[in-house]
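[1] Next come a sequence and a model predicted from it.
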Amino acid sequence: MDKTIARTTEQGSRQLVYAAVGGAGNEDQLRGSYISVARVSEASDFAIGPDGHVVQEKLWNEVMEILGKVDPRVEDISRKYLASAP
């Protein structure tokens, strides 16, 4: 694949790991942020616009539905911990 439009599995997974745990001591900076190349970056206009919000809600609901089938506790756990987020 062309490196200008894609990452290897390893490179992509590094972004996920960084977003999850890479901000030790900077958790508030990473919360809700867009991560690109292991840095907080500005999100696109689509992502912060009304159309992006619709897609975000749809994606979140689909992920919760899928994960809820794997473990019914997922919904309760996410509700408990996300409700306390600022």
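    That came through, no problem.
[2] tell me how far the helix or strand hosting Arg14 is from the chain's mean position?
    Element membership of Arg14, judged by DSSP states H and E, is helix 9-21. In terms of CA atoms, centre = their mean, to the nearest Å, the centre of helix 9-21 is set 11 Å apart from its chain centre.
[3] and what of stretch 64-78?
    For stretch 64-78, the distance to the chain centre is 16 Å (CA atoms, centre = their mean).
[4] Are we agreed that Val40 is in a strand?
    Yes: assessed by DSSP: H, G, I helix; E, B strand; the rest coil, Val40 belongs to a strand.
[5] Find the nearest non-adjacent residue to it, please.
    Spatially, and ignoring its direct neighbours in sequence, Val40 is nearest to Ser33 (4.5 Å; CB to CB, 6 or more residues apart in numbering). From N, CA and C alone the C-beta is placed, and that goes for glycine too.
[6] Do I have it right that the one you found meets Ala47?
    No: counting by CB atoms under 8 Å, Ser33 does not reach Ala47; the two are 11.2 Å apart.
[7] Between the two, point out the one with more neighbours.
    Ser33 (16 against 13; other CB atoms under 10 Å).
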